[in-house]
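K.L.:
Could you work out the structure for the sequence below:
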Amino acid sequence: MFFLLLLLVVLPALLVAGALLLGRRRKRTSAESDSDSLGFVGGVLNALFTVVLAFYVVFSWQTGDDIEKAATAEANALTDAHWQMSAAPEPAASTIRTLLTQYAARVADHEWPALDAGRADPGTDAILTSLRAEVIGLPADTELQKAAREQATQDVRLIDENHRERVDQATDDQFFTVILLIGTILGALLMVVFPLLVGISPTTANIASMALLTAVLGCTVFMSLELLHPLHGAFGADPDAFRIALESLGVPAPTGT
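P.N.:
As a prediction, this is how the structure comes out:
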């Protein structure tokens with residue numbers, strides 16, 4: 001909140017002061033050709049800033065979207081594996097249902113905050129390893145049990161694949177995205193500083209326009225910083241898919257044979 005207040009209030013106020021100071025010192029002997037050249041340079045800077053910002057938004061938004069899609073697929077596979085256990089014998093079916101519930105709860109309560117901090121959670125991997133071993137060890141004495149084991153094995157494979165993708169996306173250093181973010185911030189600064197350096201006239205309309213531009217660019221930078229973190233903030237993905245799955249996993253499935 002303090003950072004947003006700084007962008008929306010303090011920086012525009014400093015801009016007004018800077019425009020008044022530099023505007024009064026501006027030389028009035030500029031030729032018309034100089035104005036055309038400066039306008040061209042300003043247009044190029046504007047275009048570059050727009051392109052860099054667009055690329056940054058696409059890349060950073062895609063990261064969060066990929067994490068959310070992987071989490072949804074993972075949670076759906078958890079739920080399906082739970083219902084497949086209706087055809088599995090006891091006590092194996094209950095053991096697997098318990099592991100599925102533990103996995104969903106572990107991801108929502110422990111792994112998600114750990115990934116937000118940039119590290120993996122060994123506890124989630126341990127539960128997944130146990131789950132895989134239990135599913136592979138399911139008996140297949142009947143055709144129904146065989147079909148349930150095959151489908152549950154496929155579900156575990158989907159859980160594993162989407163889990164690895166989600167972890168890789170969340171713990172990636174996002175080097176290219178960070179470079180684009182730096183370019184976005186520098187571009188926003190140039191958009192504000194350039195008119196002051198060339199000597200914008202300190203008229204009321206110009207000062208008001210520059211103050212508004214600074215506020216808009218400040219919001220843009222603030223939202224860009226929020227987008228850099230795919231698991232928290234205004235645009236971050238949340239573990240709701242696993243919490244919804246937990247509700248489904250809490251519903252008793254029919255007893256196996």
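K.L.:
Stretch 58-65: which residues count as buried?
P.N.:
For stretch 58-65, the buried set under the neighbour-count rule, 16 or more other CB atoms under 10 Å, comprises Ser60, Thr63, Gly64. Quick note: C-beta positions are derived from backbone N, CA and C, even for glycine.
K.L.:
how about those residues in TSV, adding pLDDT?
P.N.:
Listed next are the buried residues of stretch 58-65 as TSV, based on pLDDT from 0 to 100:
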residue	pLDDT
Ser60	87
Thr63	90
Gly64	89
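K.L.:
possible to save those residues as JSON lines with secondary structure and distance to Ala147?
P.N.:
Putting the buried residues of stretch 58-65 into JSON lines (DSSP: H, G, I helix; E, B strand; the rest coil; distance: CB to CB, whole Å) gives the following:
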{"residue": "Ser60", "secondary structure": "helix", "distance to Ala147": "43"}
{"residue": "Thr63", "secondary structure": "helix", "distance to Ala147": "37"}
{"residue": "Gly64", "secondary structure": "helix", "distance to Ala147": "37"}
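K.L.:
Go through those and say which is closest to Ala215.
P.N.:
Nearest to Ala215 among those is Ser60, at 22.0 Å by CB to CB.
K.L.:
so who does Val57 touch?
P.N.:
Val57 sits next to Ser224, Leu227 when contact means CB atoms under 8 Å, 6 or more residues apart in numbering.
K.L.:
before we move on, the earlier item: which one of the buried residues of stretch 58-65 is nearest Val178?
P.N.:
Checking the buried residues of stretch 58-65 against Val178 by CB to CB gives Ser60 as the nearest, at 9.7 Å.
K.L.:
Quick check: the closest residue to that closest one other than its chain neighbours vs Thr177, distance?
P.N.:
Spatial nearest neighbour of Ser60, excluding adjacent residues (CB to CB, 6 or more residues apart in numbering): Leu227 at 4.1 Å. Computed as CB to CB, to the nearest Å, the Leu227 to Thr177 distance reads 9 Å.
K.L.:
Need the overlap of contacts for the two.
P.N.:
With CB under 8 Å, 6+ apart, Leu227 and Thr177 have common neighbours Tyr56, Ser60.
K.L.:
so the residue nearest to the spatial centre of the chain, which of the three states?
P.N.:
Central residue of the chain (CA atoms, centre = their mean): Pro230, 2.1 Å from the mean position. Secondary structure, DSSP: H, G, I helix; E, B strand; the rest coil: Pro230 is coil.
K.L.:
I'd say Phe59 and Phe176 touch.
P.N.:
Yes: using CB atoms under 8 Å, Phe59 is in contact with Phe176, at 6.9 Å.
K.L.:
Spatially nearest residue to Thr171 (excluding sequence neighbours)?
P.N.:
Gly118 (5.7 Å).
K.L.:
Now for that neighbour, how many residues are close by?
P.N.:
Using other CB atoms under 10 Å, Gly118 has 11 other residues around it.
K.L.:
and it, how far is that from Glu68?
P.N.:
Taking CB to CB, one finds Gly118 at 18 Å from Glu68.
K.L.:
Same question for Phe176.
P.N.:
Phe176 is 21 Å from Glu68, by CB to CB.
K.L.:
so Ile127, which of the three states?
P.N.:
Taking three-state DSSP, the label given to Ile127 is helix.
K.L.:
check contacts around it.
P.N.:
For Ile127, the contacting residues are Leu99, Gln102, Tyr103, Arg106, by CB under 8 Å, 6+ apart.
K.L.:
filter the residues you listed to the buried ones?
P.N.:
Leu99, Gln102, Tyr103, Arg106.
K.L.:
Near Ala114, how many residues? Count them for me, please.
P.N.:
19.
K.L.:
Next one, pLDDT for the residue nearest to it when sequence neighbours are not counted please.
P.N.:
Distances taken as CB to CB, 6+ apart place Asp121 nearest to Ala114, at 4.4 Å, with adjacent residues excluded. What the model reports for Asp121 is a pLDDT of 94.
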